[in-house]
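Asks: the following block contains a protein sequence and its predicted model.
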Amino acid sequence: MDIEAAARAVKDRGESTRRPGRDPVNLPMVRNWLEALGDDSPAYTEVAPPAMAQVWTMGGLHHRRADDDPLGAMLAVLDDAGYTSIVATDCEQTYHRYLRYGEEVAIASRLETVVGPKRTALGDGWFVTTRNTWYVGDEPVAEMMFRVLKFAPAPAEPKPAPVIRPMVNRDTEYFWEGTARGELRVQQCGGCGELRHPPGPMCPSCTETKPGYVVASGLGEVYSYVVHHHPPVPGHTLPFVVALVELEEGVRFMAELAVPPEEVHIGLPVRIGFRRVDDELTMPVWRRR
Ligand code: ZN
């Protein structure tokens, strides 16, 4: 099968039939979404957050792609050609206006480009770009460019690294210097004093670019967690727990939690500990207190 010819055929079909969302834009869904993101903005009493565009047409757990869905068609072609793995690489959303409660949203999709084959770190593959457009009636209200890499997996590395090392850069080196000294450091804005984690170059509240840090007490409670079963992680015995912990200081911080999965629960009081890997790296790890 000629991939480029198949791509042209799918592209020539243009936009798919519009598929309506399951429910109108509604406040209960917005509340859940804001809560999950920890956003307590009061701005959404009459309109929904623009970034929720995709939410309104999600098909649920047992969703099946429509027969004229261009991404589904292109993925099938690439599967047949041996490019069996997939990873999303980037997406860009454009919002034309706010959505109001009660509006019925429908989605349609068209294929923009299929580019390849390209050699990537994951393996040789094709970049497939689609454009989703959300409509209310005939009015486009939001769009999303969505790109995936569909690739043939490269053979596994013969020897895995003994440990996955964090990226240390100018924004984060204070943190790793802290762990080496047994300190949990939280970035603090040099302008307004706000604490933030993960660290970044600029304060999102006052845009000051002189970050400092405070040493946190290292005490907190489990805010959320996952039990990691697969894939294997060098230096770890499976399964293990990764916890998002709310610190006493109010920011949330993610690290491994050294507690058996069946004993972990939301609200579990924890204390930070430090695991020395080698001269250059000390990892923070949560322990029960
Ligand atoms: Zn600030």
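Replies: All right, it came through fine.
Asks: low-confidence ranges, this protein, go.
Replies: Residues of the chain meeting the criterion pLDDT under 70: 1, 157-162.
Asks: near the ion, which residues of it?
Replies: Selection of the chain residues close to the ion by CB under 5 Å from the ion yields 189, 191-192, 194, 203, 205-206, 208. Just so you know, the C-beta spots here come from the backbone N, C-alpha and C atoms, and that holds for glycine as well.
Asks: what subset of the residues you listed is buried?
Replies: For the residues of the chain next to the ion, a neighbour count by 16 or more other CB atoms under 10 Å gives the buried set as 189, 203.
Asks: next, the buried residues of stretch 130-146.
Replies: 130-136, 141-144, 146.
Asks: and of those, the nearest to E104?
Replies: V136 (6.7 Å; CB to CB).
Asks: identify the bridge partners of the closest one.
Replies: E139 (DSSP bridges).
Asks: in contact with it, which residues?
Replies: 99, 103-106 (CB atoms under 8 Å, 6 or more residues apart in numbering).
Asks: need the helices for the stretch 51-200 of the chain, in chain order.
Replies: Counting by DSSP state H, counting those that start in this stretch, the stretch 51-200 of the chain has helices at residues 70-80, 173-180.
Asks: check which helices and strands the longest one sits against.
Replies: So the one you mean is helix 70-80. helix 3-12, strand 106-119, strand 123-136, strand 139-153 (3 or more CB pairs under 8 Å, 6 or more residues apart in numbering; DSSP states H and E).
Asks: so which of these is the most surrounded?
Replies: Among the helices and strands packed on helix 70-80, strand 123-136 has the highest mean neighbour count (mean count of other CB atoms under 10 Å), at a mean of 21.
Asks: between that one and helix 70-80, how many degrees?
Replies: 160 degrees (axes from the mean of the first three to the mean of the last three CA atoms, to 10 degrees).
Asks: alpha carbons of strand 123-136, as PDB, please.
Replies: The C-alpha trace of strand 123-136 is given here as PDB (Å, rounded to 0.1, in the frame of the first residue of the first chain):
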ATOM      1  CA  GLY A 123      11.900   4.400  15.500                       C
ATOM      2  CA  ASP A 124      11.000   5.200  11.800                       C
ATOM      3  CA  GLY A 125       7.600   6.700  11.500                       C
ATOM      4  CA  TRP A 126       5.100   9.100   9.900                       C
ATOM      5  CA  PHE A 127       3.700  12.300  11.400                       C
ATOM      6  CA  VAL A 128       0.000  12.400  10.900                       C
ATOM      7  CA  THR A 129      -1.700  15.800  11.400                       C
ATOM      8  CA  THR A 130      -5.400  16.300  11.700                       C
ATOM      9  CA  ARG A 131      -7.600  19.300  12.400                       C
ATOM     10  CA  ASN A 132     -10.600  18.900  14.600                       C
ATOM     11  CA  THR A 133     -13.200  21.700  14.500                       C
ATOM     12  CA  TRP A 134     -15.900  22.100  17.100                       C
ATOM     13  CA  TYR A 135     -19.200  23.600  15.900                       C
ATOM     14  CA  VAL A 136     -22.300  25.100  17.500                       C
END
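Asks: gap between it and the chain center?
Replies: Using CA atoms, centre = their mean, to the nearest Å, the mean C-alpha position of strand 123-136 is found 17 Å from that of the whole chain.
Asks: on that earlier part again, with distance to G218 added, can I get the helices and strands packed on helix 70-80 in a markdown table?
Replies: Shown next, in a markdown table, are the helices and strands packed on helix 70-80 (distance: least, CB to CB, whole Å):
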| stretch | distance to G218 |
| --- | --- |
| helix 3-12 | 54 |
| strand 106-119 | 45 |
| strand 123-136 | 42 |
| strand 139-153 | 40 |
